[in-house]
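[1] quick one: sequence and predicted model below, then my questions.
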2 protein chains.
Amino acid sequence: MSTLDIDVYATRTAAGDADEQFIQRWSPRAFSGEPLPIADLHILVEAARWAPSCFNSQPWRFVYAINGDDQWSAMLDVLMDMNQVWAGNAGALIAIVAKKTFDDGNPAPTASFDAGGAWMSMALQAQKMGLASHAMWGFHHDQAPAALGLPEDHAVQAMVAVGKPGERADLPEKYQEREVPSPRKPIEELLFHGKLG
Amino acid sequence: MSTLDIDVYATRTAAGDADEQFIQRWSPRAFSGEPLPIADLHILVEAARWAPSCFNSQPWRFVYAINGDDQWSAMLDVLMDMNQVWAGNAGALIAIVAKKTFDDGNPAPTASFDAGGAWMSMALQAQKMGLASHAMWGFHHDQAPAALGLPEDHAVQAMVAVGKPGERADLPEKYQEREVPSPRKPIEELLFHGKLG
């Protein structure tokens, strides 16, 4: 059984009639090891690029390597060891990069927020394609800019593993017990009328 | 004809077989003026809260007012005048707030990025419900924290107008011509193999 077949309702409780895609999406670590077809990668970026952004500035950029290609080892090395252990079986790695300035050189204060929207669209599209995706903050932040050839005004927001889901049993043991959809805070802790404080 | 019935393909070109929800979603300014039922607001937050976040920290908070309720004027006043003109007809205003620290007090570097993911889910859920949504950066950043009762480690990422779509003809004239789905950069300008530079 691939990990995307896990019943999310074993660990998650819906609190309203939102579309199933949101509660169904989660962040597995078990991937099959199959390289992601480049055509699939394009579909993921297609979904992402329609996200909204301040002044339609579209501050998102995507730097990728496909499992086994000539950029793969270099990108995998950007991850911290604890993530390399499992992300080495992803179909592709994608660095979600935000351009932190507008084209006129002024700071773009919403670049990270906007890039987060593009990433969410990508994750939901992956889900629609039967692909797993998992964003990581556990990477070598000091090495990433040079490794990915980033100009000074660009910053990695997350490194994403994406690909065909794998088997929980193939994960290192310490990760097998963590291979479940995580719960969320109740709406009452997130939603405030007029004032938060 | 409500603005959500506008043919997005008049101004947008798909570059791959992504789910229709992404290209269909855009950010109209024409709203009907009807108050958003609180039950609908809960469904929007339900969609948003399943977004992924660093350490599952869930740094998103939502501060809202429903059109005409006792918090409405105060929240509307947080918007810049040019946005009040049209957002006054929204069904609700929602401040998307990011908690910029983890619960242990350390900085949460992905808070804005993660909140952007929650906002994207909310926008897509709104679209599924036949609601329009429009995020704004044009608000009084100096006034927002006090007006919304934000602790020091919380920051507004966007003010969102959401509600039933209205008629383009009811917008002020200068906004009528801008009431069209915006295009995007081609994938070739966004996707890079191994290195961005």
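    Nice, thanks for sending it over.
[2] from chain B, how far out is the residue nearest to residue A:92 when sequence neighbours are not counted?
    Using CB to CB, 6 or more residues apart in numbering or on different chains and skipping residues adjacent in sequence, the residue nearest residue A:92 is residue A:36, 4.0 Å away. C-beta here means a position set from N, CA and C on the backbone, and glycine is covered the same way. As judged by CB to the nearest CB, to the nearest Å, residue A:36 and chain B stand 13 Å apart.
[3] before we move on, what about residue A:74?
    In terms of CB to the nearest CB, residue A:74 sits 7 Å off from chain B.
[4] surely that residue and residue A:64 touch.
    No: Residue A:74 is beyond contact range of residue A:64, at 11.7 Å (criterion: CB atoms under 8 Å).
[5] so what sits against both of those two?
    Common neighbours of residue A:74 and residue A:64 (criterion: CB atoms under 8 Å, 6 or more residues apart in numbering or on different chains): residue B:194.
[6] okay, these two: which has more neighbours?
    Neighbour totals were compared for residue A:74 and residue A:64, and residue A:64 leads with 23 against 15 (other CB atoms under 10 Å in any protein chain shown).
[7] Three-state assignment for residue A:181, please.
    coil (DSSP: H, G, I helix; E, B strand; the rest coil).
[8] can you pull the contacts of the closest residue to it other than its chain neighbours?
    Closest residue to residue A:181 apart from its sequence neighbours, by CB to CB, 6+ apart: residue A:26 at 3.8 Å. Shown in contact with residue A:26 (CB under 8 Å, 6+ apart): A:8, A:181, A:182, B:52.
[9] and if we set it to 10 Å?
    Neighbouring residues of residue A:26 by CB atoms under 10 Å, 6 or more residues apart in numbering or on different chains: A:3-4, A:6, A:8, A:11-12, A:123, A:127, A:132-134, A:179-182, B:50, B:52.
[10] from these, which ones fall inside strands?
    A:132, A:133, A:134 (DSSP state E).
[11] among those residues, name the buried ones.
    Among the ones in strands among the contacts of residue A:26, those classed as buried by 16 or more other CB atoms under 10 Å in any protein chain shown are A:132, A:133, A:134.
[12] number of nearby residues for the residue in chain A positioned nearest to chain B?
    Chain B sits closest to residue A:116 of chain A, with a gap of 2.4 Å, by CB to the nearest CB. Residues contacting residue A:116 under the criterion other CB under 10 Å number 35.
[13] that one touches residue B:48, doesn't it?
    No: in this structure residue A:116 lies outside contact range of residue B:48 using CB atoms under 10 Å: 11.7 Å.
[14] residues near residue A:103, how many?
    9.
[15] then residue A:163?
    Residue A:163 has 25 nearby residues by other CB under 10 Å.
[16] about what we covered before: who touches both of residue A:116 and residue B:48?
    Overlap of the contact sets of residue A:116 and residue B:48 (by CB under 10 Å, 6+ apart) consists of B:60, B:115, B:117, B:118, B:119, B:120.
[17] of those, buried ones?
    Counted by 16+ other CB under 10 Å, these give B:60, B:115, B:117, B:118, B:119, B:120 as buried.
[18] what's the closest of those residues to residue B:86?
    Nearest to residue B:86 among these: residue B:119, at 19.2 Å, using CB to CB.
[19] so who does the closest one touch?
    Residues in contact with residue B:119, defined by CB under 10 Å, 6+ apart, are A:51-52, A:113-114, A:116-117, A:120, B:48, B:51, B:60, B:62, B:94, B:96, B:98, B:133, B:135, B:157-158, B:160.
[20] just the ones of these in strands?
    The strands, defined by DSSP E, take in B:60, B:62, B:94, B:96, B:98, B:133, B:135, B:157, B:158, B:160 from the contacts of residue B:119.
[21] what's the farthest-apart pair in those residues?
    Maximum pairwise distance in those, criterion CB to CB, is 17.9 Å, between B:98 and B:133.
[22] ok, what's across the strand from residue A:60?
    In this entry, residue A:60 is beta-bridged to residue A:98, by DSSP bridges.
[23] OK, contacts around it?
    Taking CB under 10 Å, 6+ apart as the criterion, residue A:60 is in contact with A:45, A:48-49, A:51, A:53, A:96-99, A:111, A:114-119, A:121-122, A:157, B:116, B:185, B:190.
[24] center of chain A, which residue is that?
    In chain A, the centroid-proximal residue (CA atoms, centre = their mean) is residue A:135; its distance is 3.3 Å.
[25] was I right to think it contacts residue A:123?
    Yes: with contacts counted by CB under 10 Å, residue A:135 reaches residue A:123, the gap being 7.5 Å.
[26] helices along chain A, start to end?
    Along chain A, the segments classed as helices by DSSP state H run A:20-24, A:38-49, A:72-76, A:81-87, A:111-128, A:144-147, A:173-176.
[27] please name the nearest non-neighbouring residue to residue A:79.
    Per CB to CB, 6+ apart, closest to residue A:79 is residue A:139, 5.0 Å.
[28] surely that neighbour meets residue A:145?
    No: applying CB under 10 Å, one finds residue A:139 not in contact with residue A:145, separated by 11.2 Å.
[29] okay, and the common contacts of these two?
    Residues touching both residue A:139 and residue A:145 by CB under 10 Å, 6+ apart: A:78, A:156.
[30] these two: who's more crowded?
    Taking other CB under 10 Å, residue A:139 and residue A:145 do not tie; residue A:139 has more neighbours (22 against 18).
[31] residues near residue A:28, how many?
    23.
[32] same question, residue A:68
    Residue A:68 has 11 nearby residues by other CB under 10 Å.
[33] same check on residue A:129?
    Neighbours of residue A:129 using other CB under 10 Å come to 17.
[34] quick one, what contacts it?
    Here residue A:129 is in contact with A:36, A:40, A:43, A:44, A:47, A:162, A:164, B:17, B:18, B:19 (CB under 10 Å, 6+ apart).
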